[in-house]
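1. sequence and predicted structure below; questions after.
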Amino acid sequence: MTTVIVLKAADEGLRGHLTRWMVEVSAGVYVGQLRRRIRDAIWSTLESGIREGQAIMVEPAGNEQGWAIRTAGVDRWAPVDFDGLILMARERR
């Protein structure tokens, strides 16, 4: 299954790192088929490298939807489990 990563206001070094493993199909949107070990390594690099920017990864998972979401640097949106479905919830202020 395909993995999708979306970067917003990320460092050029992080973008360059992603192009080793994935194809940039639009500005800041990367798509590829990655093994679990590679996805985890890429996500670890993104989490430690995101400063002012944001990163979202949609990856294959063994749940009903078939995918899961990881976020870094995203302040108002977060993935939540709603009766077994993963949804993005917006934080109220």
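-> On my side now, so go ahead. Keep in mind the model is a prediction, meaning the values are calculated, not measured.
2. can you name the residues in contact with the longest helix anywhere in the chain?
-> Longest helix of the chain, by residue count under DSSP state H: helix 36-49. The contact list for helix 36-49 (C-beta atoms under 8 Å, 6 or more residues apart in numbering) reads 3, 5, 7, 10-11, 13-14, 17-18, 21, 34, 55, 57, 59, 70, 72. No exception for glycine: its C-beta is placed from N, CA and C like everyone else's.
3. the closest residue to Q33 other than its chain neighbours and R90, how far apart?
-> Closest residue to Q33 apart from its sequence neighbours, by C-beta to C-beta, 6 or more residues apart in numbering: T2 at 5.7 Å. T2 is 26 Å from R90, where distance means C-beta to C-beta, to the nearest Å.
4. what of A78?
-> 8 Å.
5. please identify which of these two sits among more neighbours.
-> Using other C-beta atoms under 10 Å as the criterion, A78 and R90 rank with A78 on top: 13 against 8.
6. sorry, back to before: now do the longest helix of the chain, average pLDDT.
-> What helix 36-49 shows for mean pLDDT is 92.
7. which residues in this structure form strands?
-> 3-8, 23-26, 29-32, 54-60, 67-72, 77-82, 85-90 (DSSP state E).
8. now the longest one: buried residues?
-> The reference is to strand 54-60. Buried residues in strand 54-60, defined by neighbour count with 16 or more other C-beta atoms under 10 Å: 54-59.
9. and if you look at stretch 5-23?
-> 5, 7, 10, 14, 17-18, 21-22.
10. again, but for stretch 20-35
-> Under the neighbour-count rule (16+ other C-beta under 10 Å), stretch 20-35 has 21-22, 28, 30, 32, 34 buried.
11. from those, pick the one nearest I50.
-> Distances from I50 to the buried residues of stretch 20-35, taken as C-beta to C-beta, are shortest for G28 (12.4 Å).
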